[in-house]
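Trainee: I'd like to go over a predicted model; first the sequence, then the structure.
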Amino acid sequence: MRRRIWADPRLGLLVVIVVLVAVFTALRPAFLDVDLTIVPIQSDLTVFVVVGLAQLAVLSLGHMNLAVGRMAAVSAFAAGWAYDKLAVPLVVGLLIGLAVGALVGAAAGWTIAATGVNSFVVTLALDFALIGLVSLLYSTFSDGVAFHVAPAGMDILRGDTFADYCAGDLCGPPIPLVVPIALVAALAVGVFFRNSRLGREILMTGSNLQAARLSGIPTSRRIIQAHTLSGLLAALAGFLLAVTNGAFSADIGGSFLLPSFLGPVLGGTLLAGGAVSVLGTVFGAALTEVIQTGLNLLQFEVEKFKIYIGIVLLVALSLDRLRQVLAERRKQEVPRVPEPVEQKEGVA
């Protein structure tokens with residue numbers, strides 16, 4: 001049991017997060033300021049957890065989605081257009097955006113399954129195509145590069161926390177209202193891959209495509225479904241970012257690609273497919289957000305910002321890899337029980 005806990009990469013991530021929080025707090029006590037840091041971190045983390053889940057959906061196959069940011073952008077456009085031109089309620093616009101994201105993801109999955117072309121090539125080409133399409137759509141249907149529209153409930157979702165709602169003298173915690181959306185998404189994805197037949201078949205397809213096909217699993221369909229889920233989650237991330245920013249703009253999703261990989265990979269999801277970790281993805285996204293916020297409070301130069309983030313993440317990855325190597329060595333050092341020496345009959 002102890003070895004199993006030691007070998008869990010999520011434990012290493014949690015330790016690193018706690019250490020970094022302590023270090024940044026010691027250097028800048030404002031790191032624990034509720035309004036300045038804690039609430040904004042949670043809002044940003046909500047977006048990047050969902051982005052990580054979008055990438056995790058296709059990493060389960062050993063695929064990747066390089067168009068995750070542009071899927072978010074085109075979905076945000078669809079939602080913004082619906083709010084601006086059709087005056088639909090908040091939930092209806094969200095559903096429209098999710099539908100568009102799912103359709104784009106399904107198109108990518110169908111292309112991969114039908115042609116056999118590597119997901120890297122397909123989603124990279126799709127990313128370039130969507131860059132031009134999103135710019136064209138905004139220039140055609142909006143007054144500029146964004147829809148500055150706020151349907152009923154959007155301002156509340158963006159600015160309120162549970163601490164703003166009280167029952168007598170008892171108020172809620174300083175948690176933004178958007179956080180439960182990410183928690184529900186994480187829980188749903190976790191249940192999907194752990195408990196549903198469809199999720200387990202997607203993991204089997206990612207683990208061994210040929211074996212899954214011989215077992216009767218419709219692998220092409222599972223590929224399409226995994227990419228559909230990725231597009232759906234990318235659309236949700238785009239909506240959450242639009243709510244946080246207060247506008248549906250063309251640059252939504254532009255910074256999604258790197259965080260989409262960092263969360264799942266740091267959390268233990270295999271790039272080769274066949275194994276995912278939803279909780280690890282949450283911890284990986286949290287680690288990234290803590291690093292970014294801490295370095296920002298330390299006022300590092302913008303030009304060097306990404307360099308420092310890369311160095312810290314490299315150290316975190318190295319420590320986590322070292323922990324895994326040590327765990328494997330411990331397994332190999334388990335003493336073997338010597339086999340009894342057999343004696344032949346008639347020999348003393």
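Mentor: That came through fine.

Trainee: where exactly do the helices run in the stretch 101-250 of the chain?
Mentor: 119-141, 154-159, 179-195, 197-207, 209-214, 219-245 (DSSP state H, counting those that start in this stretch).

Trainee: ok, and what's touching stretch 266-276?
Mentor: For stretch 266-276, the external contacting residues (Cβ atoms under 8 Å, 6 or more residues apart in numbering) are 8-10, 13, 52, 56, 59-64, 193, 203-208, 264-265, 277, 279-284, 287-288, 313, 316-317, 320. All C-beta atoms are positioned from the backbone trio N, CA, C, and that covers glycine.

Trainee: Pull the number of nearby residues for the spatially closest residue to Arg200 that is not a sequence neighbour.
Mentor: Spatial nearest neighbour of Arg200, excluding adjacent residues (Cβ to Cβ, 6 or more residues apart in numbering): Phe193 at 7.3 Å. For Phe193, the neighbour count with other Cβ atoms under 10 Å is 21.

Trainee: go on, the one 3 residues further on?
Mentor: By other Cβ under 10 Å, the residues close to Ser196 number 11.

Trainee: try the one 4 residues further on
Mentor: Burial of Arg200, expressed as a neighbour count using other Cβ under 10 Å, amounts to 14.

Trainee: Just the pLDDT at it, thanks.
Mentor: pLDDT recorded at Arg200 is 95.

Trainee: So what touches stretch 212-224?
Mentor: With contact meaning Cβ under 8 Å, 6+ apart, stretch 212-224 is reached by 61, 63, 106, 109-110, 112-114, 198, 201-202, 204-205, 209.

Trainee: Report the buried residues of that stretch.
Mentor: For stretch 212-224, burial by neighbour count (16 or more other Cβ atoms under 10 Å) applies to Ala212, Ile217, Thr219, Ser220, Arg221, Arg222, Ile223, Ile224.

Trainee: Could you export it as CSV, CA atoms only?
Mentor: Extracted C-alpha coordinates of stretch 212-224, given in CSV (Å, rounded to 0.1, in the frame of the first residue of the first chain):
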residue,chain,number,x,y,z
ALA,A,212,-9.5,-3.5,-29.5
ARG,A,213,-10.6,-4.1,-33.1
LEU,A,214,-10.2,-7.8,-32.8
SER,A,215,-12.2,-7.7,-29.5
GLY,A,216,-15.2,-6.3,-31.4
ILE,A,217,-14.9,-2.7,-30.4
PRO,A,218,-15.9,-0.3,-33.1
THR,A,219,-12.6,1.6,-33.0
SER,A,220,-13.4,4.2,-35.7
ARG,A,221,-16.6,5.1,-33.8
ARG,A,222,-14.7,5.4,-30.5
ILE,A,223,-12.1,7.7,-32.2
ILE,A,224,-14.9,10.0,-33.4
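
Trainee: Could you export the buried residues of stretch 212-224 as a markdown table, including pLDDT and distance to Thr25?
Mentor: As requested, those are exported to a markdown table (pLDDT from 0 to 100; distance: Cβ to Cβ, whole Å):
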| residue | pLDDT | distance to Thr25 |
| --- | --- | --- |
| Ala212 | 93 | 48 |
| Ile217 | 93 | 49 |
| Thr219 | 94 | 49 |
| Ser220 | 94 | 51 |
| Arg221 | 96 | 49 |
| Arg222 | 95 | 45 |
| Ile223 | 96 | 45 |
| Ile224 | 96 | 46 |
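
Trainee: re the thing from before, of the contacts of stretch 266-276, buried ones?
Mentor: 8-10, 13, 52, 56, 59-64, 193, 203-207, 264-265, 277, 280-284, 287-288, 313, 316, 320.

Trainee: Looking at the residues you listed, which are in helices?
Mentor: Mapping the buried ones among the contacts of stretch 266-276 onto helices (DSSP state H) picks out 9-10, 13, 52, 56, 59, 193, 203-207, 264-265, 280-284, 287-288, 313, 316, 320.

Trainee: Distance-wise, check the most centrally placed residue in the chain relative to Ala22.
Mentor: The centre of the chain sits closest to Gly52, judged by Cα atoms, centre = their mean, with a distance of 1.0 Å. The gap separating Gly52 from Ala22 is 24 Å, by Cβ to Cβ, to the nearest Å.

Trainee: Tell me, how many residues neighbour Ile307?
Mentor: Ile307 has 11 neighbours, counted by other Cβ under 10 Å.

Trainee: Repeat that for Ala211.
Mentor: When neighbours are defined as other Cβ under 10 Å, Ala211 has 12 of them.

Trainee: Next, the contact list for the closest residue to it other than its chain neighbours, please.
Mentor: With sequence-adjacent residues excluded and distances taken as Cβ to Cβ, 6+ apart, Ala211 is closest to Met204, at 7.5 Å. Residues near Met204 by Cβ under 8 Å, 6+ apart: Ala211, Ala212, Ser215, Ile217, Gly274.

Trainee: so where's the stretch 51-200 of the chain uncertain?
Mentor: Counting by pLDDT under 70, the stretch 51-200 of the chain shows no low-confidence range.

Trainee: ok, back up a step: please give me every residue in contact with the residue nearest to Arg200.
Mentor: Ser60, Gly199, Arg200, Ile202, Leu203, Val276, Val278.

Trainee: Ok, Ala108 next?
Mentor: Per Cβ under 8 Å, 6+ apart, neighbours of Ala108: Asn65, Ala67, Ser119, Val122, Thr123, Leu126, His227, Gly231.
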